[in-house]
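> Sharing a model that was predicted from the sequence below.
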Protein chains: 2
Amino acid sequence: MTTQAALSRLSLNQRTTASWSLPEAIKGCVDAGLGAIGIWREQLAEVGLDDACRLVADSGLRVSSLCRGGFFTNPAEAATSEAQNGEAIEEAAALNAATLVLVPGGLPPGDRDLQGARDRAARAIEGLVPHANELGVTLGIEPMNPIYAADRGVISTLGQALDIAESFEPNDVGVIVDTFHLWWEPGIAEQIERAGQRIVSYQISDWITPLPVDTLLARGMMGDGHVDFQAFTRLVARAGYRGDIEVEIFNADLWAAPPAEVVNTMTERYRELVRPYLND
Amino acid sequence: MTTQAALSRLSLNQRTTASWSLPEAIKGCVDAGLGAIGIWREQLAEVGLDDACRLVADSGLRVSSLCRGGFFTNPAEAATSEAQNGEAIEEAAALNAATLVLVPGGLPPGDRDLQGARDRAARAIEGLVPHANELGVTLGIEPMNPIYAADRGVISTLGQALDIAESFEPNDVGVIVDTFHLWWEPGIAEQIERAGQRIVSYQISDWITPLPVDTLLARGMMGDGHVDFQAFTRLVARAGYRGDIEVEIFNADLWAAPPAEVVNTMTERYRELVRPYLND
């Protein structure tokens, strides 16, 4: 098999190579023979949407996700959040991204009503659906490891994300299946099967111990931690997922390394730990 | 209401005042007017079981828990684990502890089969039941925050702990409801109601952000973080729990403070945030 075919479903999420600009990341993906890229809005803004769309089109890469919309949970920021999510939907449409990743947001300062925050997130997603539907964008709810429940993502399990997503058409609202966030979830096999065609992104990174000091940068390279990528990937494949596999690793050590080396390592780990199980 | 009545259900888990020996902790509880103490096996061993039983009896304190048994998941240590759990059951019986807290254990080195580890934990608990039953000890399964799923506790939700516990008589196997571990769990209200009389310990500490550097010492004093103690306590009370409320806070800053001050602060927070909701 050629390198290109072997890596055709591998995607680099820009957060894995944080020091690269969008043009650099696109070039890095093409040089490594990857099929897709996960783009972050911050780095997209540096280039501008029109130029970014041109760069992506010229590269031949798919956009496996646009990261990220969401942050719905603070009532004091509801108007800002709505406007930003509207812009994000338009960018996702222009880039033909497979999904717009929605990070729910955490508890507002001083607020301890977790269920209330979860309810606000669900309602905010409902509010975005008409716009997303009009532009053909599939929203992707990202359930996040409970380590982030207070300050980043109040939706903590795939089951909970599906409870929300299933109120909508699969083309409108799907779910992000991320190994770092979900590897521990009891009943995850049943939830991934339940998710089926709602899986709009399969993101991979490892859970490493001891957990790095900054929990936001606590993710590890596949194979360095405790996640069983073989079992997890098989579940996602059996659920019918045929999209890209996006490597998204927030890690200070990786960010300090030369990005092309990081891409090389992630490519090796993908070939060894993930790709063989994508068609089981 | 007298101080003594107001604090009659409050218990100091020894881990909250780690620098105190068992005799010092017992004296600290009595001086503060608490009704109970949660004892750790390491500090129990320093005194010896017979002397510890005498000290406890003389103090008039209840033993709200013995911490801890468990650590079932490493097959290479199965024989050691079984022997240690047997001793722990005998100690819990001698101390008339309300429960022996079982920490399931994490993944063995290099092992990524989380479900396998969970299954081993369930089988090991089954193996302990006859001995515990014979001595009148109630085993308490402690579901642990997923932050510890890899290295400490593979049972991650109250729902999962109950799935195991419900195979046994309530007098034999119950569950530990700990706010730090469970505050984020989707459907926690239904799970606490389901738990009912199986709740053998209500342990409290807060989830604080940013998470402290050492995740094992990441717990906060009630009121310093994101947990809604009013709502959580009401759920536990409505489920029928009438036992002690044990403050268990692993935190380096608290350990550096004078223990009597820590007990004073926890007492204030209990009066304000927990006690008013115990009889709702």
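Nice, thanks for sending it over. Residues are numbered from 1 along each chain as shown, chains lettered A, B, ... in the order given.
> Quick check: closest non-adjacent residue to A:Pro23.
Leaving aside its chain neighbours, A:Pro23 sits nearest to A:Leu55 (5.9 Å; criterion: Cβ to Cβ, 6 or more residues apart in numbering or on different chains). C-beta coordinates here come from the backbone N, C-alpha and C atoms, glycine included.
> A helix includes that neighbour, no?
Yes: with DSSP: H, G, I helix; E, B strand; the rest coil as the criterion, A:Leu55 is part of a helix.
> I'd say it and A:Ser21 touch.
No: counting by Cβ atoms under 8 Å, A:Leu55 stays clear of A:Ser21, with 10.4 Å between them.
> okay, and the common contacts of the two?
A:Val47 (Cβ atoms under 8 Å, 6 or more residues apart in numbering or on different chains).
> Which elements pack onto the strand or helix carrying A:Ser201?
Using DSSP states H and E, A:Ser201 maps to strand A:199-204. The contact analysis (3 or more Cβ pairs under 8 Å, 6 or more residues apart in numbering or on different chains; DSSP states H and E) places strand A:199-204 against strand A:62-70, strand A:173-178, helix A:179-182, helix A:229-238, strand A:245-247.
> What segments of the stretch 1-150 of chain A are strands?
Using DSSP state E, counting those that start in this stretch, the strands of the stretch 1-150 of chain A run over A:10-13, A:36-40, A:62-70, A:100-103, A:139-141.
> Identify whichever of those strands lies nearest to chain B.
strand A:139-141 (13.2 Å; Cβ to the nearest Cβ).
> still on that earlier bit, and the helices and strands packed on strand A:199-204 as JSON lines, adding mean pLDDT?
Converted to JSON lines, these look like this (pLDDT from 0 to 100):
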{"stretch": "strand A:62-70", "mean pLDDT": "98"}
{"stretch": "strand A:173-178", "mean pLDDT": "98"}
{"stretch": "helix A:179-182", "mean pLDDT": "98"}
{"stretch": "helix A:229-238", "mean pLDDT": "98"}
{"stretch": "strand A:245-247", "mean pLDDT": "98"}
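> out of those, which comes closest to chain B?
Set against chain B and scored by Cβ to the nearest Cβ, these come closest in helix A:229-238, at 7.9 Å.
> between A:Leu55 and A:Ser21, who's got more neighbours?
Legend: neighbour count by other Cβ atoms under 10 Å in any protein chain shown for A:Leu55 and A:Ser21, higher for A:Leu55 (17 against 13).
> who does the longest helix belonging to chain A touch, helix- and strand-wise?
Ranked by residue count and defined by DSSP state H, the top helix of chain A is helix A:114-135. If you count contacts as 3+ Cβ pairs under 8 Å, 6+ apart, helix A:114-135 packs onto helix A:78-94, strand A:139-141, helix A:158-165.
> let's see it at 7 Å
When contacts are defined as 3 or more Cβ pairs under 7 Å, 6 or more residues apart in numbering or on different chains; DSSP states H and E, helix A:114-135 packs onto helix A:78-94, strand A:139-141.
> would you put the C-alpha positions of that helix in CSV?
Output of helix A:114-135 as CSV, limited to C-alpha atoms (Å, rounded to 0.1, in the frame of the first residue of the first chain):
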residue,chain,number,x,y,z
LEU,A,114,-24.3,22.1,36.9
GLN,A,115,-27.7,20.8,35.6
GLY,A,116,-28.7,24.4,34.8
ALA,A,117,-25.5,24.9,32.7
ARG,A,118,-26.2,21.6,30.9
ASP,A,119,-29.7,22.7,30.1
ARG,A,120,-28.5,26.0,28.8
ALA,A,121,-26.0,24.2,26.5
ALA,A,122,-28.7,22.1,25.1
ARG,A,123,-31.0,25.0,24.5
ALA,A,124,-28.2,27.0,22.8
ILE,A,125,-27.5,24.1,20.5
GLU,A,126,-31.1,24.0,19.5
GLY,A,127,-30.9,27.7,18.7
LEU,A,128,-28.0,27.2,16.3
VAL,A,129,-29.6,24.3,14.3
PRO,A,130,-31.6,26.4,11.8
HIS,A,131,-28.6,28.4,10.8
ALA,A,132,-26.4,25.4,10.6
ASN,A,133,-29.0,23.5,8.6
GLU,A,134,-29.4,26.3,6.2
LEU,A,135,-25.7,26.3,5.4
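> which other residues reach it?
Helix A:114-135 is contacted by residues A:72-73, A:81-82, A:85-86, A:89-90, A:93, A:102, A:104-105, A:107, A:111, A:139, A:141, A:154-155, A:164, A:168, A:172-173, B:184 when judged by Cβ atoms under 7 Å, 6 or more residues apart in numbering or on different chains.
> Stretch A:203-212 too?
Contacts for stretch A:203-212 (Cβ under 7 Å, 6+ apart): A:13, A:176, A:178-180, A:183, A:218-227, A:229, A:245-249, A:252, A:274, B:150-151, B:215.
> buried subset of the residues you listed?
A:13, A:176, A:178-180, A:183, A:218-227, A:229, A:245-249, A:274, B:150-151, B:215 (16 or more other Cβ atoms under 10 Å in any protein chain shown).
> Near chain B, which residues of the stretch 101-250 of chain A are found?
Within the stretch 101-250 of chain A, the residues that sit near chain B (Cβ under 7 Å from any Cβ of the partner chain) are A:107, A:112-114, A:145-147, A:149-151, A:156-157, A:159-160, A:184, A:186, A:207, A:209, A:211, A:213, A:215, A:226-228.
> out of the strands of the stretch 1-150 of chain A, which comes closest to B:Ala195?
strand A:139-141 (28.6 Å; Cβ to Cβ).
> Check the offset of the closest one from the chain's centre.
Taking Cα atoms, centre = their mean, to the nearest Å, the mean C-alpha location of strand A:139-141 is offset from the chain mean by 9 Å.
> picking that back up, out of the helices and strands packed on strand A:199-204, nearest to A:Ala98?
For A:Ala98, the closest of those is strand A:62-70, at 5.3 Å, according to Cβ to Cβ.
> Output the closest one as PDB, restricted to C-alpha atoms.
Provided in PDB are the C-alpha atoms of strand A:62-70 (Å, rounded to 0.1, in the frame of the first residue of the first chain):
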ATOM      1  CA  ARG A  62     -10.400  17.800   3.600                       C
ATOM      2  CA  VAL A  63     -11.300  19.900   6.600                       C
ATOM      3  CA  SER A  64     -12.200  17.200   9.200                       C
ATOM      4  CA  SER A  65     -13.400  19.800  11.700                       C
ATOM      5  CA  LEU A  66     -13.500  23.400  12.500                       C
ATOM      6  CA  CYS A  67     -12.600  24.100  16.200                       C
ATOM      7  CA  ARG A  68     -14.600  25.500  17.800                       C
ATOM      8  CA  GLY A  69     -17.900  26.800  18.600                       C
ATOM      9  CA  GLY A  70     -19.800  26.500  21.800                       C
END
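> who's in contact with it?
In contact with strand A:62-70 (Cβ under 7 Å, 6+ apart) are residues A:11, A:13, A:35-41, A:56, A:85, A:88, A:91-92, A:95-105, A:140, A:201, A:243-244, A:246.
> Give me the buried entries from those.
By 16+ other Cβ under 10 Å, the contacts of strand A:62-70 give A:11, A:13, A:35-41, A:56, A:85, A:88, A:91-92, A:95, A:97-105, A:140, A:201, A:243-244, A:246 as buried.
> Tell me where chain A is predicted with low confidence.
Within chain A, the stretches with pLDDT under 70 are A:1-4, A:280.
> try 90
Along chain A, segments meeting pLDDT under 90 span A:1-6, A:212-217, A:279-280.
> which residues touch A:His226?
Contacts of A:His226 by Cβ under 7 Å, 6+ apart are A:207, A:209, B:107, B:112, B:150.
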